[in-house]
Structures are given as structure tokens and as C-alpha cells.
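Enquirer: coordinates only, sequence not included:
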């Protein structure tokens, strides 16, 4: 993509309304724009990151055997009357009447609807286990939306729902998502720690939050430092096998949010030099809630003995839109964002220090063509901006590599390759730089 | 994907409420489920097709130089008060009050919001031309939704918006989308004909609908048969070049919807054997509306002479969700859907006629592994259903190829490869079948 043709509205000033660093950087880097309180448009740069996050989430859901579908945003209130949550949910639910004065709502979550879909088609335990997920926009009418896309009203959510004949099998489905989440966050460049949690309005009696440590975190968390070094399950993990050893290893060390924290146990169990007490950001939440929805909504299957039983369910949420902000909270410096390679909006920023100069233009065009042909996403700064401004933009938007082509270096046959994360710069021949990037 | 682990709820009965063939087939093939009047969940098979359609639309938008972003579904009413459309739009707009009693709405289209984004950042003609698009769920509260996803209330829309300094340049932007649409529909396996159209609530004075011919079309259309044989612009089309010869060729032959039809001209200009009068389905609509939104909303740019002028805009819509149904209307037979390769939910249906038989199981597993490794999407029917039921399902869901492995053929070393579109069957060795599919 040539920057001269792209839509990247960089802000020079730091917007006053932004209280946390991810919000400030997302606004300054032209990633999002607020369209109403807690409602954001994703501008092209932000949209690219969002799509990459979404795709990693999807790949790991698929790997764990979950099946993608897509439920609508608007739901009938009657579904929620069946489960009893319509009146309970309170003002966070955006309630709507259509032209025929039927009560509708913008889905804040989808337990009811997926249960309705399940009960319409599935009759037998032979069709279980089943895990259905979707990635869809949701709405929660927060009284005070803040922190940009970290706590917005309209947000993108991946929510998966598992269906099993009994609790034991449901536990296996839970473990699959547990491991999928560990892999997902690791691929996003995040160290996420699962912690026992309250289940809130979703209900149920087993629940874990996945939390990353960040100074700007919304809540206080406590954990054993050993958790930061646990290995992440590999691509070759057998999701049909027994995952409980992995899950038990992660749950074997102390980790708790404020609401579940037990200071006495924390101090008794963990040597002082391994005690972490820090701020945390929730990036995922998984629930086992048994028959909470299947019972009132009559989602039953015939078991091996022919008798019908309500299915045991769990639900599993990750918010890709919130994750974009969480990644920035975990990875930035004073100059801007530092994207992990896996979610970077472009792989390389190619910077022409003297657009209009025949030599730099020629070399840049050649590099742009070759890098693009090799499958790399390149943002080519071919604008007439001065060098200082181009560098500042490159640092701010945080692409993993900056490839700088200036007339002075080029006269000596060299270009400069900079690693955004380490700050390391190397002067290289054009061919060496290409080889380094294409690998 | 193994069918035994997939979620493919085939209906044996034809649902009574479905009036048109695409709706019937989508329900029977387990592609969608109605969750409320005109509101559908996309079940896994349908979701796969929807995603493929969406991706083709995206690729052709990108090729034409449009830039993707993503606007939210919920909009502030105040934006629409600025353009004057809030009161005009009528009951099709889903109006909402949030918890603070602010007037909001579920976007039926996005001219206002994109104009707001544009005016917030763009100041100079040097940043033009610009074309921004998104692919997002929209809502129009139709008084009588029908025909399944063909005329639903919640629907997926790709809408692009072009910004230019003047009418001449806006015409070039219009032509880019015109050509992008020709390419998009051709890649979807559709013969779409552009026809002059009224511009309705979007406004403006130039507008074309893209219409495919189908018996079940919603409106009557008239055109010159020669249009069916016009060449589609190739992948190498230079979108920065002059596209008017292509556009003029398409607009040079008679084509009109009922509302624009001129019978006298139709008969005078076109020889009788080339006159087509048929039913048509609208699959895309493009508009040039000049300064209709930029003027009241003050989206202005400084021209080369420094004076500020309202930008000239156009908008360009394609509905991927409606397209899924339109493709089925255009491509089916009595047994079911016939997917064009480009949007088929899977490339191959691998049918094991005797699951549990060591020979057929072994061959199927081997074929499944090899086809998948070659990058093909395979739906492997490994269920215990009887052969007749498996064949019926395969015909109904309409994958381009069926690869049938039965004990009798296998004893002679052969499998059967069937082309869904032509009905042609071939008995082949396992290796020949593989070679045929992998190519």
C-alpha cells in the first residue's frame, strides 16, 4: 500500500479525552474514531489489526474443533423471557421495539439463541460433543463507556458454546477451550494467565478469566511468577486427547483476581520472590454453567439409555476489539505502538526519505515490488513529508520493520533496516536488506 | 471436515413458509435458520458460503483501489438530522433510545457517517480521490420481510463511498466501481447486467443497478441479448487508466428495469431475436449523488486555487447475504444447489458408502488426508447413514465434486468422481481421481 493513496489520519496532538495509553495511541495512529459514546469506527489501520486478531482467534477455535456459524445482532426478547434473563439483565441491554412494536434487543451475548438453535436440530447424544462459535458485534449499554475500545458499548466478540451429555464430558469441552485460549493469546504476543473468577450474569459454577499483566489494568491480580514461564501447548496438541494435565499445570499455581484473592494462602504457598501483585486486563472468560439455559429452554438430548436429559453447556468469550487495545497496553513505548509480528497491520514500513529523487524513487519502487511479490504487506511512505515526520509516523504506527531509503546512504549503495521492537538499526546493501526481510 | 463432527442440520421436509427456491434450499441444506421475522442465523454451511462471497467482494474492491475500514452498526440520530434524512427515512429505520435516552439507530446505510469521518480528517484536494468501504451488518425494518435472506431485515452489505473534487473525477471513481462490480459478479458465477435505475432514498442523478436474470426475480427487466456475451474486464485491468470505453460498451446496449423501460425504443433499437424480457434480481446498486451529503454536512476540501468546495460523492452497494440466495436462484436443479467453484462451501464431498468397512474407511482416510494436504476443502461423509441418504445430501448441498468410495468399486480398484454441475460420472483409479481433483 502506498501511503499517498492510503487513509491514515495521524493526529499530531494527544486527544484529551483518552485516559489510557492504548486509547491515546489508537486515536493518534488513526486506528479508530469515536462516532458516539463508546461506539467506534475502525479506520483502515485499526481494521487491519482487528482482522488479524480475529483470524488468529478463528484458527485456534477451529483447531480445537469448534465450528463457526454466525448469529444475528438483533434478537427477539421472547428468547430471553424463556431463560428468565430478559428482566434480570438490566439497563446494559439495548432494548428495541420494531415497527410492529415487537420487543427486540441488540444481543449482549448469545446463550439463549444458540440454545434455541441447538434444540431445533439436535436430538441425540450421538451428535455430541458439539461446540459452535461465532464472531459478531455485540452491544452492552455501559453507563459510562471509557478507555476507547477497551470498554466500548459496541464491541466485537468471539463467543463459543459447548454442548455435552454430562458434566464429565462438558469438562473435556471446557479444557479444549482452555488450551485454545492459551494458544490464542500466545500467538497474539500476550502472556495471559488463567485465574478462577466469578461468573456474573452468565451464571454457572466454574469460570476462569484470562488476564494479562499491564500497568493500566482495570483490576488487581495476584499470582505465582512461575506461571509466566509455563510452556504454551504446541500446534500439534491433540485436542481429542486428555488435556487435563495441561489445564492442571496452569491451575496448579496460585493466581487470583482481587475478588477471589486469599492473602493468607498467597503468602503461605508462594515464596516471596515469586509473588506477583499487579494490575491486570481481562482478555478472555470461559464458563461452565451446566443446565442453566438448557433446562428452562428445554434443550434436551436422548442419552444412550433413551431418556432425555438437558444438555450441559459452557460458553467461552474473547473480545477481538478489546484485544487490539490490550496488545497495545502490553507493547508500546514513548514513541508509539510496537506490534507483535502476528497482528501488525503491515510487516514493513518502507520509507523514501526523498520522494521525487530518481535514485530513491527507483530503489523504493523496486523494493516495494519485490517485498510485495514475496508476500509481505508493505506500507510504502511515498509522500512528500519531511524525514522527521516520516520517522515519527513510522514509530507511532509501530510496524515490526522500517526500511529506510535515503539519498546519502544510497550513494554508498546502502539502506537502513530498523527493528521497531529492539530499536536496532543496520546499514545494509539493498540485496542484503531484501534477503533479511524475505528470509 | 468430517461430517460426523460437523453441524449440518439437513431438513427432509420442504418448509412451508419458503416461497422461493433459494429460501427452500437454504433451509433444507441447513444453511440458515430464521431467528425472528427477517432475521437469520447463518449455520456453518451457509456461513462458509457467505464468507467466500464476502472475500471475493473484498478482493475486487481492493483491486479497484478502495480502502477497507469498518463503521459500527449503531449510529447517533444527530448525524442523520444533519443530512435531513432522519425524519425522511420513515419506518424502515430501526430507531433506538439508549439508557441515557439519546436517539440512536441501527444503520440502514452509511452516507452520513462516512461523510462525518471524511470531514474530520481530509482538508485538501491532494488527498483525493478517496474511496472507503466496509462490509457490515445493516438493518432495514421492512414491513413484510420475505424470501429468506433475499429480503431480510438484518443483512450484510458492502458499501463503498467515493470522494472527489469535481464531477469529472467523481465519474472516474464511479467507473472504477462499475468495472469492479462486473468483475465481482463474474467471479461469483453470475451474469449481471448494469441497468439505469432510479436512485430512491440515497438520492442523486446517476445510478445503475446490476441485475441477474432469474425466473424468480422480483422485477421485470428488458435488455439486449448481446449484453450476455460481453467480455468481463480481466484481472490486469488498469484501474488508474481510462475505464470509460469498458463502461460505455456495457451501457451502449439497451437494458432497463420496468420503471425505466421504454417499449418504443426497445422495439425500434433491437432486433426481435435479441430482445430479452425476463425477471431480474438486483445484486448491486451504484450511485453518484454529487454534493447531496457533503453540502449540508460541510464536507469540504480546498481545491488547487485554495477555495473550499463540497466534495462530490458516490456510494456503491453489494449485499453478500442476498447474493448467496441470488447465486442459488441462478444455479440449482430439482435435487438441490449447484455451487460455482468460487463460492462452494467445500470443494469436494468425499462419500464413504460403507463406513466401518476397513477397505472403504482406509481409502477414504487416505483420500481425505491427501486432498486436504493439497489445499482442498473436503467434507468427508463418514456417517453411518445409508447410501441413498448420503447421495441425496450431497446433491442437495451441491459441492462441485463428489468422490464416492464404495466396497464394490474398490474391490476393482476404482472410485467414482461426479461433477455436480454436469452430472457426469467417471469411474477412476484412486490415483487418477486424486490427480483429477488436485490438478
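Expert: Alright, I've got the coordinates. Since the structure is predicted, the reported quantities are computational estimates derived from the model, not experimental observations.
Enquirer: so which strand or helix has the closest residue to residue A:33 other than its chain neighbours?
Expert: Excluding its sequence neighbours, the residue lying closest to residue A:33 (C-beta to C-beta, 6 or more residues apart in numbering or on different chains) is residue A:41, at 4.8 Å. For the C-beta atoms, the positions are set from N, CA and C on the backbone; glycine is no exception. Per DSSP states H and E: residue A:41 is located in strand A:39-42.
Enquirer: Kindly check the end-to-end length of stretch A:399-419 for me.
Expert: This stretch, stretch A:399-419, spans 9 Å end to end (C-alpha to C-alpha, to the nearest Å).
Enquirer: Name the residues of it that come out as buried.
Expert: A:399-406, A:409-410, A:414-418 (16 or more other C-beta atoms under 10 Å in any protein chain shown).
Enquirer: Report the two of those separated the most.
Expert: A:400 and A:410 (22.9 Å; C-beta to C-beta).
Enquirer: now, which of the buried residues of stretch A:399-419 lie close to chain B?
Expert: By C-beta under 8 Å from any C-beta of the partner chain, no member of these lies near chain B.
Enquirer: For stretch A:261-277, give me every contacting residue.
Expert: Outside stretch A:261-277, the residues that touch it by C-beta atoms under 8 Å, 6 or more residues apart in numbering or on different chains are A:213, A:220, A:221, A:222, A:223, A:224, A:225, A:226, A:228, A:253, A:254, A:256.
Enquirer: Check whether the last one sits in a helix, strand or coil.
Expert: What it means is residue A:256. Here residue A:256 is strand, with the state taken from DSSP: H, G, I helix; E, B strand; the rest coil.
Enquirer: wait, doesn't it sit right on residue A:195?
Expert: Yes - under the criterion of C-beta atoms under 8 Å, residue A:256 makes contact with residue A:195 at 5.6 Å.
Enquirer: Which of those two has more residues huddled nearby?
Expert: Legend: neighbour count by other C-beta atoms under 10 Å in any protein chain shown for residue A:256 and residue A:195, higher for residue A:195 (25 against 20).
Enquirer: how close does the more buried one get to chain B?
Expert: 30 Å (C-beta to the nearest C-beta, to the nearest Å).
Enquirer: Can you check the pLDDT for that residue?
Expert: The score at residue A:195 is 94. That number is its pLDDT.
Enquirer: now for the helix or strand hosting it, which elements pack on it?
Expert: Residue A:195 belongs to strand A:192-196 when assigned by DSSP H and E. With contacts taken as 3 or more C-beta pairs under 8 Å, 6 or more residues apart in numbering or on different chains; DSSP states H and E, strand A:192-196 sits against helix A:167-187, strand A:206-213, strand A:219-224, helix A:244-251, strand A:255-257, strand A:275-290.
Enquirer: highest average neighbour count across those?
Expert: strand A:206-213 (a mean of 23; mean count of other C-beta atoms under 10 Å in any protein chain shown).
Enquirer: Check the model's average confidence along that strand for me.
Expert: On average, strand A:206-213 scores 93.
Enquirer: contact partners of it?
Expert: A:174, A:178, A:181, A:185, A:190-199, A:217, A:219, A:221, A:251, A:257, A:276, A:278-288, A:326, A:329-330.
Enquirer: which residues pair with the closest residue to residue A:76 other than its chain neighbours across the strands?
Expert: In this structure, residue A:76 finds its nearest non-sequential neighbour in residue B:36, 4.3 Å apart by C-beta to C-beta, 6+ apart. Beta-bridge pairing for residue B:36 (DSSP bridges): residue B:39.
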